[in-house]
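In: model the structure of this input:
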Amino acid sequence: HKTGLQGHDHDLQLIADPSNPGLRYVTSGAGSRTRLESFYGDNKVAFHTFSSGFVTVALSSQQARVQFWLWDSTLAHEFVAQK
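Out: From the prediction side, this is the model:
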């Protein structure tokens, strides 16, 4: 499994590439101003919100846990990738 981390898109996203099931893209860019925009392309959006928030990543030798948190400390989405 591979996970790419990025920021600056003014939202929170978890995107999967249909041609590579083990690849995920995580976007944490909703710390201040958010945007209203549509998605295009063939990627599958597993989670998305325009709400302000942040992403935490916890790594161990066996797994990666990615959590999407909203501005009010609500856990909005989580996924775990096993080694």
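In: my guess is residue 53 meets residue 27, correct?
Out: No. If you go by CB atoms under 8 Å, residue 53 and residue 27 don't touch, sitting 11.0 Å apart. C-betas here are computed from N, CA, C, even on glycine.
In: shared neighbours of these two, anything?
Out: Overlap of the contact sets of residue 53 and residue 27 (by CB atoms under 8 Å, 6 or more residues apart in numbering) consists of residue 12.
In: tell me which of those two has more neighbours.
Out: residue 53 (23 against 20; other CB atoms under 10 Å).
In: so the more buried one bridges to which residues?
Out: residue 70 (DSSP bridges).
In: residue 15 too?
Out: Counting by DSSP bridges, residue 15 forms beta bridges with residue 25, residue 45.
In: quick one: secondary structure of the residue in the chain sticking out farthest from the centre?
Out: Distance from the centre of the chain peaks at residue 61, with 20.9 Å (CA atoms, centre = their mean). Under DSSP: H, G, I helix; E, B strand; the rest coil, residue 61 falls in the coil class.
In: give me the pLDDT value at the residue nearest to it when sequence neighbours are not counted.
Out: Of all residues not flanking residue 61 in the chain, residue 83 sits nearest, at 7.1 Å (CB to CB, 6 or more residues apart in numbering). Predicted confidence (pLDDT) for residue 83: 81.
In: show me what the worst-scoring helix or strand of the chain on mean pLDDT is packed up against.
Out: Within the chain, no helix or strand scores below strand 2-6, which has a mean of 71 by mean pLDDT, DSSP states H and E. Judged by 3 or more CB pairs under 8 Å, 6 or more residues apart in numbering; DSSP states H and E, strand 2-6 is in contact with strand 20-28.
In: avg pLDDT for the strand it packs on?
Out: 80.
In: and it, how far from the chain's centre?
Out: 8 Å (CA atoms, centre = their mean, to the nearest Å).
In: likewise stretch 56-63?
Out: Using CA atoms, centre = their mean, the offset of stretch 56-63 from its chain centre is 15 Å.
In: check the separation of the first and last residues in that stretch.
Out: By CA to CA, to the nearest Å, the extent of stretch 56-63 from end to end equals 14 Å.
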